[in-house]
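Asks: Give me a model of this one.
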Amino acid sequence: MFDFLKRKSVQSLENKVRELNAEARHFYDAKVDLEERAYFDLLNLAHEKGLTAGAAANTKEGSLILSEIVLNRQYAMYLNEQAIQAYAELRRLRGDQSASLSKEAWFNDVVRPSGGDHIINKEIPFFCQKLIADVESELRGQDTE
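Replies: Numbers count the residues shown, from 1 in each chain. Below is the predicted model of the structure:
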């Protein structure tokens, strides 16, 4: 009886991981269309009000235009994290000890198989742009010494 319930739980979690991953990818991939639409909407708003893009972005209308991009991105990240956590639970049900994994093993054995790396790898330039630029500056500084 326990094996039957465990198999049902495993199947349910496998389906959940697949669905969450597909949904996360859908919302993440939709960001291109949202950004394009927001670009033209913000451009029109700036022209209509005679403002710079930055000033237009700080208006009530500008915030509304740009908030859709932010909320879409946050929801995609939320779904991605849900898929990762569901996959970790799936591993626990199968007897794997995810809690004792190193950072590298967690990424390779939980995040990557859950499909979470698809979004994470694409977000690295966005979230780490300043850090990468700082390292680049440091490397250039070392080259001149």
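Asks: which of the residues in the lowest-mean-pLDDT helix or strand in the chain are buried?
Replies: Lowest by mean pLDDT, DSSP states H and E among the helices and strands of the chain is helix 117-144, with a mean of 82. Buried residues in helix 117-144, counted by 16 or more other Cβ atoms under 10 Å: H118, I119, I120. (C-beta placed from N, C-alpha, C; glycine too.)
Asks: can you check stretch 69-82 too?
Replies: For stretch 69-82, by 16+ other Cβ under 10 Å, it's I69, N72, R73, A76, M77, L79, N80, E81, Q82.
Asks: which non-adjacent residue is nearest the third one?
Replies: Okay, so that is R73. Spatially, and ignoring its direct neighbours in sequence, R73 is nearest to K31 (6.1 Å; Cβ to Cβ, 6 or more residues apart in numbering).
Asks: what about that neighbour, how many neighbours?
Replies: Counted with other Cβ atoms under 10 Å, the neighbours of K31 add up to 16.
Asks: what's the distance between it and N21?
Replies: 16 Å (Cβ to Cβ, to the nearest Å).
Asks: Next: A30.
Replies: From A30 to N21 the distance is 15 Å (Cβ to Cβ).
Asks: Could you check which of these two has the larger neighbour count?
Replies: Shown here are A30 and N21; by other Cβ under 10 Å, N21 has more neighbours (22 against 15).
Asks: Next up, identify which helix or strand that one is on.
Replies: helix 2-29 (DSSP states H and E).
Asks: Can you name every helix or strand that that helix contacts?
Replies: Using 3 or more Cβ pairs under 8 Å, 6 or more residues apart in numbering; DSSP states H and E as the contact criterion, the elements in contact with helix 2-29 are helix 60-93, helix 117-144.
Asks: could I get these as CSV with distance to S100?
Replies: Output for the helices and strands packed on helix 2-29, formatted as CSV (distance: least, Cβ to Cβ, whole Å):
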stretch, distance to S100
helix 60-93, 11
helix 117-144, 21
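Asks: Buried residues, the helix holding N21. List them.
Replies: Neighbour-count burial for helix 2-29, counted by 16+ other Cβ under 10 Å, picks out L13, K16, V17, L20, N21, E23, A24, R25, F27, Y28.
Asks: for the residue nearest the centre of the chain, what are its contacts?
Replies: The centre of the chain sits closest to M77, judged by Cα atoms, centre = their mean, with a distance of 3.6 Å. For M77, the contacting residues are A24, I119, E123, by Cβ atoms under 8 Å, 6 or more residues apart in numbering.
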